[in-house]
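A.B. asks: got a predicted structure here, sequence first:
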Amino acid sequence: MKNVDLIINARWCLPMTAEQLVLENHSIVINEGNIVALLPQTQAEQLYQATQTQNMDEHCVMPGLINNHGHTAMTLFRGLADDLPLMTWLNNHIWPAEQQFVGDAFVEAGSALAIAEMLRGGTTCFSDMYFFPEATARVVDSSGIRASLGMVVIEFPTNWAKDVNEYLHKGQALHDKYRHHPRITTNYAPHAPYTVSDQTLQAIIINAEELDLPIQMHIHETAAEVNDSLAQHGKRPLARFKDLGLLSPRLIAVHMTQLTEEEMDWCAEAGVHIAHCPESNLKLASGFSPIAELIKRGVNVSIGTDGAASNNDLDMFAEMRQAAMLAKGVAGDPSVVPAYQALQMATINAAKSLGIDSVTGSLEIGKAADIIAIDLSDIETQPFYDLPSQLVYATGRDKVSDVWVAGKQLLKQRQLTTLNAQHVSAQAQQWATKIRSVS
């Protein structure tokens with residue numbers, strides 16, 4: 001018998017490796033952080049001896065969810081300014097608050113709060129776009145979660161950098177520091193069409209090619225953004241970016257609620273990835289991303305929560321459900337984006353867009369053991385007929401009982417193992433008191 005670190009025995013296993021493949025009474029065998037076998041429990045008992053065995057007799061085990069777009073530290077602004085249009089929200093509330101409060105300590109505390117929330121909700125990896133990413137990186141490193149950290153670029157000065165050159169320099173320093181980290185990758189994160197110039201985007205495109213990195217950017221988020229681009233540049237943002245050469249398999253276009261048929265064809269032809277943020281788009285009344293049409297064209301669509309300041313949570317189970325149901329309503333077709341496709345959007349599709357699908361996003365031999373266990377024994381998930389349907393349409397994030405990233409258990413029976421929940425909550429309350437006193 002081979003000695004291994006951990007065996008997880010599960011009533012159901014959803015590996016996300018083949019269409020609708022559901023395994024029953026299977027074992028995931030883990031050694032040195034990676035999956036070394038996925039096989040029936042009876043075979044695992046004969047072939048492997050584990051230092052630790054965990055029995056998930058009433059659980060589904062599946063790949064951890066990947067939140068493909070967010071502003072992690074903005075969790076500390078949760079509920080600060082609600083029920084407002086995007087630009088009013090940004091100009092009158094968020095940007096002034098950021099100027100006053102955002103710094104290394106703010107981002108560290110906000111990231112800890114967000115990561116604690118995400119782990120409790122079954123998210124094992126997230127893509128971030130925010131200032132002071134080195135503070136977020138410290139929390140990622142110590143907490144054990146996986147992340148792709150955005151190297152933010154914006155034309156105006158912030159508390160983090162005074163100009164484009166400093167943004168690019170600090171981003172390069174972040175990349176250099178973590179380029180060999182087992183759980184941290186980086187991406188370029190130019191903010192939006194209305195805050196980044198053509199010259200800056202051209203520099204980012206060159207750098208991203210040299211470093212082989214993704215580029216994430218808010219694009220076609222609102223009708224106003226498109227109209228402003230027509231007034232300023234004489235063309236819509238996607239046409240502008242097509243001319244610049246930004247449309248490519250490197251690009252993760254976030255939101256994309258305002259799209260013509262031609263623009264959807266451009267995305268398909270160029271291999272652009274879409275990060276769909278349904279709840280944030282609904283809350284800000286930004287519009288509806290035509291994800292059914294994009295998927296029909298072969299575009300890779302993933303799911304993100306956006307920041308908790310505009311959502312107001314980091315709940316990927318809610319986002320999956322919203323994405324599936326909203327797509328049906330927009331398309332007028334109940335058959336589009338079935339439950340399994342929504343699960344793909346929250347796992348393997350996101351991994352592909354971040355360029356980490358060889359590491360995570362599915363349960364396969366050789367991949368990192370990024371795994372979540374979901375308890376399906378409660379009243380809310382009875383009776384049981386179809387596993388993907390149950391997970392997307394009936395299951396909440398509160399059913400996530402256990403979480404592993406690279407084989408390390410970060411959530412055990414709903415309790416965080418690497419973050420002090422009381423300390424994280426206390427820090428958030430301290431920041432809220434400070435922000436409230438001047439708001």
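C.D. replies: Structure received. Numbering: from 1, shown residues only.
A.B. asks: the closest residue to residue 130 other than its chain neighbours and residue 302, how far apart?
C.D. replies: Excluding the flanking residues, the one nearest residue 130 by Cβ to Cβ, 6 or more residues apart in numbering is residue 71, at 4.8 Å. C-beta: built from backbone N, CA, C; applies to glycine. Separation of residue 71 from residue 302 (Cβ to Cβ, to the nearest Å) stands at 16 Å.
A.B. asks: more neighbours: those two, which one.
C.D. replies: Neighbour count, other Cβ atoms under 10 Å: between residue 71 and residue 302, residue 302 has more, with 29 against 25.
A.B. asks: against residue 88, how distant is residue 149?
C.D. replies: Noted for residue 149: a distance of 29 Å to residue 88, by Cβ to Cβ.
A.B. asks: actually, residue 370.
C.D. replies: Distance, residue 370 to residue 88, using Cβ to Cβ: 39 Å.
A.B. asks: more neighbours, these two?
C.D. replies: residue 370 (30 against 12).
A.B. asks: go ahead and confirm the more buried one touches residue 63.
C.D. replies: Yes. Using Cβ atoms under 8 Å, residue 370 is in contact with residue 63, at 6.1 Å.
A.B. asks: mind listing the shared neighbours of those two?
C.D. replies: Residues within reach of residue 370 and of residue 63 at once, by Cβ atoms under 8 Å, 6 or more residues apart in numbering, are 124, 360.
A.B. asks: which residues of the stretch 251-400 of the chain fall in strands?
C.D. replies: 251-255, 273-276, 300-303, 371-375, 400-405 (DSSP state E, counting those that start in this stretch).
A.B. asks: which secondary structure element of this structure has the lowest mean pLDDT?
C.D. replies: helix 86-89 (a mean of 88; mean pLDDT, DSSP states H and E).
A.B. asks: in the longest strand anywhere in the chain, what counts as buried?
C.D. replies: Taking DSSP state E as the criterion, the chain has its longest strand at strand 48-63. Buried residues in strand 48-63, counting neighbours by 16 or more other Cβ atoms under 10 Å, are found at 48, 50, 54, 56, 58, 59, 60, 61, 62, 63.
A.B. asks: count of neighbours near the nearest residue to residue 184 once chain neighbours are set aside?
C.D. replies: Distances taken as Cβ to Cβ, 6+ apart place residue 178 nearest to residue 184, at 4.3 Å, with adjacent residues excluded. By the measure other Cβ under 10 Å, the count of residues near residue 178 is 20.
A.B. asks: now swap in residue 170 and tell me
C.D. replies: Using other Cβ under 10 Å, residue 170 has 19 neighbouring residues.
A.B. asks: per-residue confidence at it?
C.D. replies: We have a pLDDT of 98 for residue 170.
A.B. asks: you'd agree it is up against residue 160?
C.D. replies: Yes. The criterion here is Cβ under 8 Å, and residue 170 meets it with residue 160 at 7.0 Å.
A.B. asks: want to try a markdown table for the strands of the stretch 251-400 of the chain, with distance to residue 187 as columns?
C.D. replies: What follows is the strands of the stretch 251-400 of the chain, written out as a markdown table (distance: least, Cβ to Cβ, whole Å):
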| stretch | distance to residue 187 |
| --- | --- |
| strand 251-255 | 7 |
| strand 273-276 | 11 |
| strand 300-303 | 13 |
| strand 371-375 | 24 |
| strand 400-405 | 19 |
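A.B. asks: could I get those strands as JSON lines with mean pLDDT and distance to residue 389?
C.D. replies: Formatted as JSON lines, those follow (pLDDT from 0 to 100; distance: least, Cβ to Cβ, whole Å):
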{"stretch": "strand 251-255", "mean pLDDT": "98", "distance to residue 389": "27"}
{"stretch": "strand 273-276", "mean pLDDT": "98", "distance to residue 389": "20"}
{"stretch": "strand 300-303", "mean pLDDT": "98", "distance to residue 389": "17"}
{"stretch": "strand 371-375", "mean pLDDT": "98", "distance to residue 389": "13"}
{"stretch": "strand 400-405", "mean pLDDT": "98", "distance to residue 389": "18"}
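A.B. asks: so where's this structure uncertain?
C.D. replies: 439 (pLDDT under 70).
A.B. asks: how near is the spatially most central residue of the chain to residue 294?
C.D. replies: Centroid check for the chain by Cα atoms, centre = their mean gives residue 67 as the closest residue, at 1.6 Å. Residue 67 sits 19 Å away from residue 294, taking Cβ to Cβ as the criterion.
A.B. asks: again with residue 162
C.D. replies: 38 Å.
A.B. asks: equivalent analysis for residue 131, please.
C.D. replies: As judged by Cβ to Cβ, residue 131 and residue 294 stand 30 Å apart.
A.B. asks: those two: which has the busier surroundings?
C.D. replies: residue 131 (24 against 21).
A.B. asks: does the more buried one belong to a helix, a strand or coil?
C.D. replies: coil (DSSP: H, G, I helix; E, B strand; the rest coil).
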